[in-house]
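Student: build the 3D model from these lines:
(one chain, ligands or ions: 1)
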Amino acid sequence: MADADSAAGKNYRSEIPAPNEAYFLKGSNNLDWGLKNRLANIFNPDSGRTVMLAFDHGYFMGPTSGLERVDLDIVPLARYADTLMLTRGMLRSSIPPSYTGGIVLRASGGPSILKELSDEEIALGVEDAIRLNAAAMAVQVFIGGEHETKSVHNLTRLVDQANRYGIATLAVTAVGRDMARDAKYMRLATRICAELGATYVKTYYVEDDFDTVAAGCPVPIVIAGGKKIPERDALGLAARAVAEGAAGVDMGRNIFQAGHPSAMIQAVRKVVHGGIEPAEAYEFYLRQGADSGAN
Ligand code: 5RP
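Tutor: Predicted coordinates:
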């Protein structure tokens, strides 16, 4: 009978200490294993960055240009994204369950573009997020908006629910039309979201002092692409954001409304993960777009 207590014939390698590495994402070292594992399905552990493909716009805008047929136009792009950001309705109806990247579910909603946008409620329960194997739940936060306190409470309630099960919470800072989109505002909004428990924060890039926005936020920041701009400029925006401290992009319209969406998301990857210059990425975009024809 084998002697379970004897070291003889066993391979303990006592001289090699067990690894005790810091987790690769800013501000995330003290999170639990499941949450870290989910974050590693959003952020690439090698680069520490992410290319999230955002196409949740329909939750308040309806069939946005470029998203009329998610099955035909977005599904082919999914293989180039680290993570998809979308609604549960679009996930269930249009995304093949064989997709293995991260899923970030839109978890707030209510008003459409016809109404006051800041009046959102939590629109997703954590049980359904778990059922859909979500890595994160995303909630809009309207700092300075008419319903600021309500949207902040949406965030904190979602953090409480999501933390219970090791799901990440993405706070999306929404800037009202009449508000200044400057570093001062972004510092305020991102910091409030992080202080109140968001696992990571999505915001907009600002030309001046974006590095102070990233530095003042103790958890990772990803940037939205915003309205469609020329492809060369969108690649420049992504490059400046990551150079100044963003952990990646959560880009929608500047990918799916690009002349060549598949070439564009691949070019964005090269900037975000490969650190190549935007001019080089734009050359790649043109070559790849010309090769691929319509897409
Ligand atoms: C909607 C969102 C969108 O996901 C976000 O705006 C990203 O898309 P885009 O790059 O098109 O701005 O959070 O509120």
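
Student: stretch 29-47: which residues count as buried?
Tutor: 31, 35-36, 38-44, 47 (16 or more other C-beta atoms under 10 Å). No exception for glycine: its C-beta is placed from N, CA and C like everyone else's.

Student: with stretch 115-129 instead?
Tutor: Using 16+ other C-beta under 10 Å as the test for burial, stretch 115-129 gives 117-118, 120, 122-124, 126, 129.

Student: alpha carbons only: can I get that stretch in CSV?
Tutor: What follows is stretch 115-129, C-alpha atoms only, in CSV (Å, rounded to 0.1, in the frame of the first residue of the first chain):
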residue,chain,number,x,y,z
LYS,A,115,-36.6,61.3,-24.5
GLU,A,116,-34.2,62.6,-21.7
LEU,A,117,-31.4,60.0,-21.9
SER,A,118,-30.2,60.3,-18.4
ASP,A,119,-33.4,58.8,-16.9
GLU,A,120,-32.1,55.2,-17.2
GLU,A,121,-32.9,52.2,-14.9
ILE,A,122,-31.0,48.9,-14.4
ALA,A,123,-32.3,46.8,-17.3
LEU,A,124,-30.6,43.4,-16.7
GLY,A,125,-30.5,41.1,-13.7
VAL,A,126,-27.3,39.4,-12.7
GLU,A,127,-28.8,35.9,-13.0
ASP,A,128,-29.5,36.4,-16.7
ALA,A,129,-26.0,37.8,-17.1
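
Student: contact partners of it?
Tutor: With contact meaning C-beta atoms under 8 Å, 6 or more residues apart in numbering, stretch 115-129 is reached by 59-60, 88, 105-111, 137, 139-140, 142, 145-148, 150-151, 154, 157-158, 161-162, 164-165, 167, 174, 176.

Student: one more pass at 7 Å, please.
Tutor: 60, 88, 105, 107-111, 137, 140, 142, 145-147, 151, 154, 157-158, 161-162, 164-165, 167 (C-beta atoms under 7 Å, 6 or more residues apart in numbering).
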